[in-house]
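Enquirer: Just need the structure, nothing else, for what follows:
(one chain, ligands or ions: 3)
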Amino acid sequence: MSDGSCTHIDAIDEVKPAAAHQCEECVKIGARWLHLRTCQTCGVTLCCDSSPNRHASRHARSVSHPVIASAEPGERWLYCFVDDAFVEY
Ligand SMILES: [Zn+2]
Ligand SMILES: [Zn+2]
Ligand SMILES: [Zn+2]
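Expert: Numbering: from 1, shown residues only. Ligands and ions are numbered 1, 2, ... in the order given. Got it, this is the predicted structure:
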């Protein structure tokens, strides 16, 4: 994958899919989510910034895993929090 500026997305050969269609953190606390994102470093699936708990971006910042992929059916894109880079694949 390449958008020409983000080395994190450049380094991804194969996109990690969601293991389960649920936010792992929301499930633990009984919260709801809107959309799901899968961390491309460790493969955890968490909720988007439009969800009340924003677990995906919190995870990205707290453990420095820069790239997420959409886990929504029909959506094929990657996003890097470090470079604010968005790539469709
Ligand atoms: Zn990047
Ligand atoms: Zn969540
Ligand atoms: Zn991660």
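Enquirer: name the element the spatially most central residue of the chain belongs to?
Expert: With distances taken as C-alpha atoms, centre = their mean, the residue of the chain nearest its centroid is Ile68 (2.6 Å). In this assignment (DSSP states H and E), Ile68 forms part of strand 67-70.
Enquirer: surely Gln40 meets Leu78?
Expert: Yes: contact between Gln40 and Leu78 holds when scored by C-beta atoms under 8 Å: they sit 6.8 Å apart. All C-beta atoms are positioned from the backbone trio N, CA, C, and that covers glycine.
Enquirer: quick one: common contacting residues for those two?
Expert: Shared contacts of Gln40 and Leu78 (C-beta atoms under 8 Å, 6 or more residues apart in numbering): Ile12, Val15, Val67, Ile68, Ala69.
Enquirer: what would the residues you listed look like in JSON lines with distance to Val82 and pLDDT?
Expert: Below are the shared contacts of Gln40 and Leu78 laid out as JSON lines (distance: C-beta to C-beta, whole Å; pLDDT from 0 to 100):
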{"residue": "Ile12", "distance to Val82": "13", "pLDDT": "95"}
{"residue": "Val15", "distance to Val82": "18", "pLDDT": "97"}
{"residue": "Val67", "distance to Val82": "8", "pLDDT": "98"}
{"residue": "Ile68", "distance to Val82": "11", "pLDDT": "98"}
{"residue": "Ala69", "distance to Val82": "15", "pLDDT": "98"}
